[in-house]
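Undergrad: sequence and predicted structure are below.
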Amino acid sequence: MLGEQVPVEVSGVRLLAPNGTEVAYEEGGRSMIAFPRGNYSVRFWGTLRNYHLQQVYDRYYRVNVTVPSGYDVRNPLLGGWSPGAKVSSGPNETTILAWERTRELSVRFYDPARESLLWFFATAWAAVAVVLLFPFLLTRLMRLGQK
């Protein structure tokens with residue numbers, strides 16, 4: 001609420017070696033795991049609120065984020081991501097964001113209902129603009145015709 005970092009509760013934590021085998025790790029409290037030095041992938045499940053994911057790391061890492069099917073990041077009015085990411089389509093209609101080297105990431109995503117709502121309001125505002133501009137343009141044309 002005041003800008004402090006609040007760890008997200010996660011489950012299903014998996015530490016994977018480059019060949020895909022699972023590596024044992026030790027839990028060190030609510031938000032920490034310890035494992036042997038090496039190149040690993042960490043996978044976990046967690047609940048996200050407010051359609052926003054942020055992570056900060058102690059040094060540069062290669063990071064991939066998979067946005068599940070049913071969500072998207074590509075509409076700049078609703079979604080977005082921190083600089084340096086390559087965005088691609090993944091299997092099963094997922095979206096994959098990949099950073100080769102980053103210390104922090106931010107991903108804003110949205111569902112189809114939010115996109116529909118955006119288009120509804122955009123259409124409504126366009127209709128209001130046309131209704132308000134039509135009399136103005138009509139009087140301007142009539143004044144030009146009288147000259």
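TA: Arrived safely.
Undergrad: so where do the helices sit in the protein?
TA: Counting by DSSP state H, the chain has helices at residues 112-146.
Undergrad: scan it for its longest strand.
TA: In the chain, ranked by residue count with DSSP state E as the criterion, the top strand is strand 52-67.
Undergrad: so for it, what gets flagged as buried?
TA: 53, 63, 65, 67 (16 or more other Cβ atoms under 10 Å). Quick note: C-beta positions are derived from backbone N, CA and C, even for glycine.
Undergrad: for those residues, which one is nearest Asn75?
TA: Taking Cβ to Cβ as the measure, Asn75 sits nearest to Val67 out of these, at 12.6 Å.
Undergrad: list the contacts for the closest one?
TA: Contacts for Val67 (Cβ atoms under 8 Å, 6 or more residues apart in numbering) come out as 73, 94-97, 107, 109.
Undergrad: switch to 6 Å and redo it
TA: For Val67, the residues meeting the contact criterion (Cβ atoms under 6 Å, 6 or more residues apart in numbering) are 73, 95, 109.
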